[in-house]
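A.B. asks: here's my sequence, what's the structure:
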Amino acid sequence: MTLTSLTSLSPVQTEQLWRLFQEEWWTKGRSLEDVQALLRHSDFLFGYAETDGTLVAFARALTDHLYRTLLLDVVIAPEYRKKGIGERLMKNILAHPVLSKVESTVLFCRPELVTFYERCGFSAANVGVVPMRISRTSGKVSPSDRPSKDATDRRN
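C.D. replies: Have a look, this model is predicted:
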């Protein structure tokens, strides 16, 4: 499979990303305008497209260029999963000339993806800290759109 590496998205690919986001529980409900804004405000964009330009994989990074990088919105089109594209995307991100020098790269993932990210070099961050957050998205993603703990347990 021949894929083209991307560091920016065309307007058509931005709409394709928006459509991919509508299929994922954590990004469902984002507007096209929000997707355009998050692309503008990300430090680095990564993706892969088919030879016809169709977006098949995407991730973005926020970084201070020295100590921390946060990887966000890692998504592979459903029909392209389990084909090595995710590992290829992670290798591309981690080999980036700026990001490869950053002290720590962090991402958040579902429990069923831990072994995938471990294969890519990540480890669980059991360093005595607890992730904390303030959520200002009430109403955008309802609890019924999120996988239940029971659904997660059935997949493991």
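A.B. asks: helix, strand, or coil at the residue nearest to residue 114 when sequence neighbours are not counted?
C.D. replies: Spatially, and ignoring its direct neighbours in sequence, residue 114 is nearest to residue 124 (6.8 Å; CB to CB, 6 or more residues apart in numbering). Quick note: C-beta positions are derived from backbone N, CA and C, even for glycine. When classified by DSSP: H, G, I helix; E, B strand; the rest coil, residue 124 comes out as coil.
A.B. asks: quick one: pLDDT of residue 124?
C.D. replies: On pLDDT, residue 124 comes in at 85.
A.B. asks: right, and it touches residue 113 too?
C.D. replies: No - if you go by CB atoms under 8 Å, residue 124 and residue 113 don't touch, sitting 11.8 Å apart.
A.B. asks: which element, helix or strand, includes residue 56?
C.D. replies: Assigned by DSSP states H and E, residue 56 falls within strand 55-63.
A.B. asks: tell me which residues in the helix or strand following that strand are buried?
C.D. replies: On the C-terminal side of strand 55-63, the nearest following helix or strand under DSSP H and E is strand 68-76. For strand 68-76, the neighbour count (16 or more other CB atoms under 10 Å) marks 69-76 as buried.
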